[in-house]
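Colleague: All I have is the shape, not the residue letters:
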């Protein structure tokens, strides 16, 4: 493993503080004896991931809405979106805030939010996704799809 080093001994996060110089080589940490470190401990990590140890990366859990979430270096992300973006080789397109009709979204074919197999996911626009769910809700052959309950506007 080749360690990335900092020649001037200043933290590369932009704070300008001097970094430590290790007294021994540790390839698992990227340390080389006598060569200044690139960062002060914790300065190179995004704010969200400071609470996640490297052992937690890849851990899975469920969101309150039933979707699988995965710990990544940039924080927790929905697994179905990561799978879809991996297949596409790019990020999903966003044209506006959440709910914009042209935004790309991921639909679970079998209705199971935990089944994130590539063959179970369809990438479509938000407007098509809404129309698809309305059609599925109306069909008696798809009983596993629950009726969508929308919030009623407050009337004062």
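Modeller: Thanks, I have it. All figures in this text were calculated on a predicted structure; none of them were measured in a lab.
Colleague: From here on, just use CA atoms for contacts and neighbour counts.
Modeller: Fine.
Colleague: Lowest mean pLDDT among the helices and strands of this protein, which one is it?
Modeller: strand 60-62 (a mean of 82; mean pLDDT, DSSP states H and E).
Colleague: so which strand or helix has residue 132?
Modeller: Assigned by DSSP states H and E, residue 132 belongs to helix 126-138.
Colleague: Output the contacting helices and strands for that helix.
Modeller: Identification of packing neighbours for helix 126-138 by 3 or more CA pairs under 8 Å, 6 or more residues apart in numbering; DSSP states H and E yields strand 104-108.
Colleague: for the record, mean pLDDT for the helix holding residue 132?
Modeller: Helix 126-138 shows a mean pLDDT of 87.
Colleague: Check stretch 20-33 too.
Modeller: Across stretch 20-33, pLDDT averages out at 81.
Colleague: just how off-centre is that stretch within its chain?
Modeller: 31 Å (CA atoms, centre = their mean, to the nearest Å).
Colleague: Repeat that for stretch 68-79.
Modeller: On CA atoms, centre = their mean, the centre of stretch 68-79 falls 4 Å from the chain's centre.
Colleague: Quick one: mean pLDDT for it?
Modeller: Here the average pLDDT along stretch 68-79 is 85.
Colleague: Which residues are in contact with the spatially most central residue of the chain?
Modeller: Closest to where the C-alpha atoms of the chain average out (CA atoms, centre = their mean) is residue 77, at 2.7 Å. Listed by CA atoms under 8 Å, 6 or more residues apart in numbering, the contact set of residue 77 reads 69, 70, 71.
Colleague: That one in helix, strand or coil?
Modeller: Look at residue 77: counting by DSSP: H, G, I helix; E, B strand; the rest coil, its state is strand.
Colleague: and the helix holding residue 132 with strand 104-108, angle?
Modeller: On the basis of axes from the mean of the first three to the mean of the last three CA atoms, to 10 degrees, helix 126-138 is oriented at 20 degrees to strand 104-108.
Colleague: what separates helix 126-138 from the chain centre, distance-wise?
Modeller: 25 Å.
Colleague: Report the buried residues of it.
Modeller: 126, 129, 130, 133, 136, 137 (16 or more other CA atoms under 10 Å).
Colleague: Now tabulate the residues you listed in TSV and tack on distance to residue 61.
Modeller: Compiled in TSV, those are given as follows (distance: CA to CA, whole Å):
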residue	distance to residue 61
126	25
129	25
130	26
133	25
136	28
137	28
